[in-house]
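Participant: give me a model of this one.
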Amino acid sequence: MLLYKLVALITFPLLVLQGKKVRKTALKLPEADGERAGGPSSNNASSSQTPLSLLIMGDSAAAGVGATHQDEALLGNIRKHLDARIGATWRLIAESGMQTRDMLAHAEANLSENEVFDVVVLSLGVNDVTSFCTSKTRLNSLRALCEFCTTQLHAKHIIISGMPPMGKFPLLPQPLRYVLGARATHFDRQQEAYVKKHNRDVSDGQSEALSVHMYYLPMNFEADASAMAQDGFHPGPHIYEQWGKAVADIVNQQVL
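Facilitator: Numbers count the residues shown, from 1 in each chain. Sure thing, here's the model as predicted:
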């Protein structure tokens, strides 16, 4: 048994009380304002190349909670740091509280059958960590979502954002912080291993999805109070800047 599971078992009544208190007292921040779909700006509208199509799917962090406007959130910072010579059409499908297993149905309900995307960015997992979702269920849900992205959306590149360092979130008291942080690390290692296995299978010619490239993006940011949003749980603008640039760097270096 993993150590955090043993700690969770021993301290379960306390964890339940702490979780209820956090949910009750935590500052409720709105999702960022701004457009969630659009096309190339006038700066690169004259490009002769076909615009890159980008889709972001995820939870409250993807929706920009902690930022005032989408321009300051993940979406806006990806667009800001993409190669200026390349136009991009973009779409954001994100909702606070979204778990990985819910995202597939949510995407099917919000995307038309003829929509295709070159690059899909996934930001999911925190709500799986804070729920009673098992790591096996979460990983299976991630696989199903990635399969949807490749077979239905015809994505050629999938960027999976890593779990944030929940063990450092200032909002969370101990031992809840330790348990959720360790659980997030466990889930994160699983999805990193999934991406590595997929890429090995592609290299060995064992994968049917030979044209699909996956990228795991670790969330190596400092989760101190000054960098986090006011609620102590979501990214602040500086973290969104780092995150968006890291995603754009993958696109600029590996996709374009």
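Participant: tell me the SS of residue 53?
Facilitator: strand (DSSP: H, G, I helix; E, B strand; the rest coil).
Participant: is it in a bridge, and if so with what?
Facilitator: residue 89 (DSSP bridges).
Participant: wait, it touches residue 116, no?
Facilitator: Yes - between residue 53 and residue 116 a contact is recorded at 6.6 Å, counting by Cβ atoms under 8 Å. For glycine as for every other residue, the C-beta is placed from the backbone atoms N, C-alpha and C.
Participant: the more surrounded of those two?
Facilitator: For the pair residue 53 and residue 116, the greater number of neighbours falls to residue 53 (20 against 13), based on other Cβ atoms under 10 Å.
Participant: tell me the contacts of that one?
Facilitator: 88, 89, 90, 116, 117, 118, 119 (Cβ atoms under 8 Å, 6 or more residues apart in numbering).
Participant: so the second one touches residue 51, yeah?
Facilitator: Yes - with contact defined as Cβ under 8 Å, residue 89 reaches residue 51; the gap is 5.1 Å.
Participant: touching both of the two, which residues are there?
Facilitator: With Cβ under 8 Å, 6+ apart, residue 89 and residue 51 have common neighbours 39, 40.
Participant: still on that earlier bit, among the contacts of residue 53, who's most crowded?
Facilitator: residue 119 (27 neighbours).
Participant: give me the phi and psi for residue 198.
Facilitator: phi -60, psi -50 (degrees, to the nearest 10).
Participant: would you mark the buried spots in the strand or helix carrying residue 149?
Facilitator: For residue 149, the host element (DSSP states H and E) is helix 135-151. Residues of helix 135-151 classed as buried: 135, 138, 139, 141, 142, 145, 146, 148, 149, 150 (neighbour count, 16 or more other Cβ atoms under 10 Å).
Participant: okay, strands next: where are they in the stretch 151-256 of the chain?
Facilitator: 157-161, 213-217 (DSSP state E, counting those that start in this stretch).
Participant: quick one, what contacts residue 224?
Facilitator: 168, 170.
Participant: pLDDT value on it, please?
Facilitator: As predicted, residue 224 sits at a pLDDT of 77.
Participant: repeat for residue 170
Facilitator: pLDDT, read off for residue 170, is 88.
Participant: which stretches of the stretch 101-250 of the chain have low pLDDT?
Facilitator: Scanning the stretch 101-250 of the chain for pLDDT under 70 picks out 205-210.
Participant: how many residues are close by residue 174?
Facilitator: Residue 174: 12 neighbours (other Cβ under 10 Å).
Participant: same question for the one 5 residues further on.
Facilitator: Applying other Cβ under 10 Å, we find 25 residues neighbouring residue 179.
Participant: relative to residue 64, how far out is residue 190?
Facilitator: 26 Å (Cβ to Cβ, to the nearest Å).
Participant: so for these two, which sits in the more crowded spot?
Facilitator: Between residue 190 and residue 64, counted using other Cβ under 10 Å, residue 64 has the larger neighbour count: 30 against 16.
Participant: assign that one to helix, strand or coil.
Facilitator: Looking at residue 64 with three-state DSSP, the answer is coil.
Participant: phi, psi of it?
Facilitator: Per degrees, to the nearest 10, the backbone of residue 64 is at phi 90, psi 20.
Participant: who does the residue sitting nearest the centre point of the chain bridge with?
Facilitator: Centroid-nearest residue in the chain, with Cα atoms, centre = their mean: residue 123, separated by 0.9 Å. On the basis of DSSP bridges, residue 123 is bridged to residue 58.
Participant: my guess is it meets residue 94, correct?
Facilitator: Yes - checked against Cβ under 8 Å, the pair residue 123 and residue 94 is within contact range at 7.4 Å.
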